[in-house]
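Colleague: sequence and predicted structure are below.
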Amino acid sequence: MNELSFIADTMRQLLTGVPLTLELTLISVGVGGALAIILSVLRASFTPFAWFVRLYVFALRGTPLLLQMFLIYYGLGQFDAVQRSFLWPFLRQPYWCAILALSLNTAAYGSEIIRGGLQSVPAGSIESARVCGMSGLLLYRRVILPLALRQALPAYGSEVIAMVKSTSLASIVTLMEISGIAYAIISETYRALEVFLCAGLIYLAINFVLTRAVAGLEIWLSPHLRPATS
């Protein structure tokens, strides 16, 4: 098989792993993003939970995602209580273990990003909302969270891109996403350079699309960034 035909065949095989890579990314970012908002609000407004959130963020950000995935996939199954619980049908499957590890990890990073967004909300906007009679959840839903999320969007876009790359670790729990397929091809052909170059190009293409999507969303949410129309 000549070089060009090998690269074309490799690209064809690697592209079959793109749907799983995107699925892992979208689900983990969605679940992790929702959890990140809850954690950041708890830390900012509910003092009894602040230390728990700090400990969670410290533990998840201070240990490698690879280790976290190993502990969830290989570690939890060693406890009889887990095997007898209603969670076992999910935790014994590598797909859901990967989702759980990715979601918990991005929630820790995302909560810090959103916390920075919460701190950047102008005090004047909050006071104006309170004068209008808003408080509690209504204040957060109508004023604080929309402003905070808009401020945090650029940094959170970088976290989404990081999660796309982090899905490559799912191959260690036997999931055949892009990297898992790449390792399988290399084990058969011993042509690591060409295979990893093809995989890298696919990751670059995915992240390019995501980068443009986040930039477009940022412009849509920030009218002052839009070009002036004559």
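Modeller: Okay, I see it. Numbers count the residues shown, from 1 in each chain.

Colleague: apart from its chain neighbours, what residue comes closest to W88?
Modeller: Closest residue to W88 in three dimensions, ignoring its sequence neighbours and counting by C-beta to C-beta, 6 or more residues apart in numbering: V82, at 6.1 Å. Heads up, the C-betas are built off the backbone N, CA and C, glycines and all.

Colleague: how many other residues sit next to that neighbour?
Modeller: By other C-beta atoms under 10 Å, 14 other residues sit near V82.

Colleague: show residues contacting the least confident helix or strand in the chain by mean pLDDT.
Modeller: In the chain, no helix or strand scores lower on mean pLDDT, DSSP states H and E than helix 136-139, which sits at a mean of 77. Applying C-beta atoms under 8 Å, 6 or more residues apart in numbering, the set of residues contacting helix 136-139 from outside is I126, A129, R130.

Colleague: among those, which ones are buried?
Modeller: With neighbours counted using 16 or more other C-beta atoms under 10 Å, the contacts of helix 136-139 contain these buried positions: I126, A129.

Colleague: can I get the contacts of helix 136-139 in TSV with pLDDT?
Modeller: Compiled in TSV, these are given as follows (pLDDT from 0 to 100):
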residue	pLDDT
I126	77
A129	79
R130	81
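
Colleague: among the contacts of helix 136-139, which lie within helices?
Modeller: By the criterion of DSSP state H, membership of those in helices covers I126, A129, R130.

Colleague: and the helices in the protein?
Modeller: Listed in chain order, the helices found in the chain under DSSP H are 3-15, 18-45, 47-62, 65-70, 80-83, 88-91, 94-119, 123-131, 136-139, 145-166, 178-189, 192-221.
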